[in-house]
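> Provided below for reference: sequence and predicted model.
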Amino acid sequence: MGIVLRLLVAAGLAADAIVHWRFAPDMAPGPNTPDDVIPGDDLFRAQAIAAAVAAVLVLVWARRWTYAIAFIVAASAAGAVLLYYFVDFGQLGPIPRMYDPQWYSDKTISFTGEAVATIAALIGFFTAGRKEPAESHSTRTPVG
């Protein structure tokens, strides 16, 4: 089951990374954006890089800490998608207004990947490092 979880986490994070990287240019700040705001394209690129790094970490090292990182990256992205779909906070400190009440196929792909990666990473976190039950000694036939 370990390899399946690793692949689910990596695939979900890969979908997240690809969609965020593709949409980063569309999130560039407009001409009237205040200087104290982090550019949306930078936020999207950072998310894409974080998702890609987390995916590689889980593929290379399936440890509790790598699953924890993957969970944080995926869950925070999925939460942000839902939050900014339903609530218009406006600008929050240095974070620009990200409200987007529309739903489209790329958002579905990204959210599905994030949700799958979140669930698989959580399962991986709780199961990583556990050993399969050892073969029962009573089933062995005595030698001699």
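Arrived safely, thanks for sending.

> next, name the residue at the spatial heart of this protein.
residue 74 (2.2 Å; CA atoms, centre = their mean).

> which other helices and strands contact the helix or strand encompassing that one?
Assessed by DSSP states H and E, residue 74 sits inside helix 64-86. Here helix 64-86 touches helix 2-23, helix 40-60, helix 105-127, going by 3 or more CB pairs under 8 Å, 6 or more residues apart in numbering; DSSP states H and E. In short, each C-beta sits where N, CA and C put it, glycine included.

> low-confidence ranges, this structure, go.
Applying pLDDT under 70 to the chain flags residues 130-144.

> gap between the residue nearest to the centre of the chain and residue 23?
17 Å (CB to CB, to the nearest Å).

> what do you get for residue 49?
Residue 49 is 14 Å from residue 23, by CB to CB.

> find the nearest non-adjacent residue to residue 73, please.
Distances taken as CB to CB, 6 or more residues apart in numbering place residue 54 nearest to residue 73, at 4.5 Å, with adjacent residues excluded.
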